[in-house]
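**Student:** sequence and predicted structure are below.
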Amino acid sequence: MSDSGIGREKSKASLELLLKKHDQIEIEKVTTIRNFDEERRNSLFQVEQLKANRNKVSMEIAAKKKAGEPTEELISGMKKVSDQIKVYDEKIASIDSQLEEFLLTIPNIPHDSVPIGIGDLENPERERFGSPKKFSFPVKAHVDLGTKLGILDLERAGKIAGARLSVLMRKGAQLERAIISFMLDLHTREHGYSEVAPPLMVNSSSMRGTGQLPKFETDLFKLQNTDYYLIPTAEVPLTNLFSGEILGESELTIKFVAYTPCFRSEAGSYGKDTRGLIRLHQFDKVELVKFCRPDRSYEELESLLTDASKVLKLLGIPFRIVTLSTGDLGFAAAKTYDIEVWLPSQNTYREISSCSNFEDFQARRANIRFKGDGKGAKTAYVHTLNGSGLAVGRTWVAILENFQDESGKIFIPEPLRPYMGGATHLE
RNA sequence: GGAGAGAUGGCUGAGUUGGUCGAAAGCGCUCGACUCGAAAUCGAGUAGGCGAGUUGAUAGCUUGCCUCGAGAGUUCGAAUCUCUCUCUCUCCGCCA
């Protein structure tokens, strides 16, 4: 019996939900689910009747034994019933596990407001903030700026570890820490998030809960001879914090912020962003996670986006927000906004945050529910959301590139100075 | 890493010669009585999940099944016996 995790996805309500949207997932899959479910309900009904009988007769046996009456016929009759029960139980368990495996591979259904498109080229721009600065000299890339300043050492990173790993030195390391502190302070003090310091490795069950497993195992680093994976984002430990729990409605919305390193194998990204800090096996990120009532989740998505955007606004770095189209949407998300920051050396906007509403997709898999305080209060799945607030490494890059001068000096944005011992420049 | 103990309802904590135990008792909480009000006292209620019936109802009411860390097993029947796993605690060792 699996009553945790996506076991709940067998429920009538979830099936109806899928059926309602049948135009968006293959009819075949829906039919499969429907057949499975029907078979399961029939067996369940049969076995429950048998069990009711067994429970009743067991009590009779107990009573007769106490009275010293013979019980042989009853017991031998019950042996047959128990055998039948076993057959049905096995059948149900088999259906459950097949159904579960099957459901785990079905992606979330995009929200009605998500634009149709086949890839990132169809992602409409929603808003743009600030305008890229006109430089009167040839801009340098962050790798060159950082290396020259002695705050970034990719060569030695390659020596001690390998490609797609980095070493920040001196003021570069301090800047990383300043960015982290600034973001954490902003979100905890101004935006009402509670800070969490989660483990950087989690078990496979958590990875299933948020949707990384079973489909995306190759994107993860797994620790040998254990069930542990290095987290690809703090979303995983934070969202799973309440797995298998029923939260009080009055506690919602719950808002967490965490700074963690993130680990990604970046399998399949050969040749992409090979230079610099844009795409690494390990990078720092400040992550925002929310648990809320279903009817509030799209409001919460908007405020999540606002909270994340605030970081770049305060730093004074130009950025834009795009809405991911259906083709670019992640496996688990129902709707996603990307925040893209301006990178002068690439003359383009690059993703620095991804803010998503997963609706009840993760909540079903991780079995996270809530319940009202009233008498007739029902339990229902929460909605989960998360967004980067922001990717720290890419923020570091954006600061170097957007605030460089002709001599290679870097202007430190005002909000970070308190965290940099009052320094105004990196030089 | 070595040795040992344990995991029961919101909490504390009974229950281990298998049989009206989903579970004593206490605390907490809810409702009621008393009170001007409160405290104290007294009375009643108080785990979750999934189905079925009734209903306009995802309200109530009636009813079945499952759950005493998780999974598997023994048995007509398991919180109670066996095995595996997970976690917690104590002592020793080691260590940031």
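**Tutor:** Thanks, I have it.

**Student:** lowest average confidence, helix or strand, in chain A?
**Tutor:** helix A:12-20 (a mean of 46; mean pLDDT, DSSP states H and E).

**Student:** just checking, what packs against whatever helix or strand comes next after that one?
**Tutor:** For helix A:12-20, the following helix or strand on the C-terminal side (DSSP states H and E) is helix A:27-67. Applying 3 or more Cβ pairs under 8 Å, 6 or more residues apart in numbering; DSSP states H and E, we find helix A:27-67 packed against helix A:12-20, helix A:72-104. Any C-beta I mention is one placed from the backbone N, CA and C, and that applies to glycine too.

**Student:** gap between helix A:27-67 and the chain center?
**Tutor:** 37 Å (Cα atoms, centre = their mean, to the nearest Å).

**Student:** can you count the residues close to residue A:242?
**Tutor:** As a burial measure, residue A:242 scores 21 neighbours (other Cβ atoms under 10 Å).

**Student:** and it, how far from RNA strand B?
**Tutor:** Look at residue A:242 and RNA strand B: by Cβ to the nearest atom of the strand, to the nearest Å, they are 14 Å apart.

**Student:** which residues does the closest residue to that residue other than its chain neighbours contact?
**Tutor:** Spatially, and ignoring its direct neighbours in sequence, residue A:242 is nearest to residue A:368 (4.8 Å; Cβ to Cβ, 6 or more residues apart in numbering). Residues near residue A:368 by Cβ atoms under 8 Å, 6 or more residues apart in numbering: A:239, A:242-245, A:247, A:291, A:362, A:381-382, A:384.

**Student:** for whichever strand or helix holds residue A:390, name the packing helices and strands.
**Tutor:** Assigned by DSSP H and E, residue A:390 belongs to strand A:383-391. When contacts are defined as 3+ Cβ pairs under 8 Å, 6+ apart, strand A:383-391 packs onto helix A:235-239, strand A:282-292, helix A:297-315, strand A:335-343, strand A:348-359, helix A:361-366.

**Student:** among those, which is nearest residue A:74?
**Tutor:** Across those, the minimum distance to residue A:74, taken as Cβ to Cβ, is reached by helix A:361-366, at 43.1 Å.

**Student:** hmm, who's touching the closest one?
**Tutor:** The contact list for helix A:361-366, computed with Cβ under 8 Å, 6+ apart, reads A:5-6, A:8-9, A:14, A:104, A:108, A:206, A:208-211, A:239-240, A:242-244, A:332-334, A:368-369, A:381-384.

**Student:** from those residues, list the buried ones, please.
**Tutor:** Among the contacts of helix A:361-366, those buried by neighbour count (16 or more other Cβ atoms under 10 Å) are A:5-6, A:8-9, A:14, A:104, A:108, A:206, A:208-211, A:239-240, A:242-243, A:332-334, A:368-369, A:381-384.

**Student:** what is the neighbour count of the residue in the stretch 151-300 of chain A that RNA strand B sits nearest to?
**Tutor:** At 6.2 Å from RNA strand B, residue A:246 is the closest residue in the stretch 151-300 of chain A, using Cβ to the nearest atom of the strand. Counted with other Cβ under 10 Å, residues neighbouring residue A:246 total 14.

**Student:** next: the one 10 residues further on.
**Tutor:** Applying the criterion other Cβ under 10 Å, we find 23 residues in the vicinity of residue A:256.

**Student:** got a list of what residue A:126 touches?
**Tutor:** Residue A:126 is in contact with A:320-323, A:337, counting by Cβ under 8 Å, 6+ apart.

**Student:** so who does residue A:154 touch?
**Tutor:** A:143, A:147, A:166-167, A:276.

**Student:** just the buried members of those?
**Tutor:** A:143, A:147, A:166-167, A:276.

**Student:** what would those residues look like in JSON lines with secondary structure, pLDDT and distance to RNA strand B?
**Tutor:** Shown next, in JSON lines, are the buried ones among the contacts of residue A:154 (DSSP: H, G, I helix; E, B strand; the rest coil; pLDDT from 0 to 100; distance: Cβ to the nearest atom of the strand, whole Å):
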{"residue": "A:143", "secondary structure": "helix", "pLDDT": "97", "distance to RNA strand B": "33"}
{"residue": "A:147", "secondary structure": "helix", "pLDDT": "97", "distance to RNA strand B": "32"}
{"residue": "A:166", "secondary structure": "coil", "pLDDT": "96", "distance to RNA strand B": "24"}
{"residue": "A:167", "secondary structure": "coil", "pLDDT": "97", "distance to RNA strand B": "22"}
{"residue": "A:276", "secondary structure": "coil", "pLDDT": "92", "distance to RNA strand B": "32"}
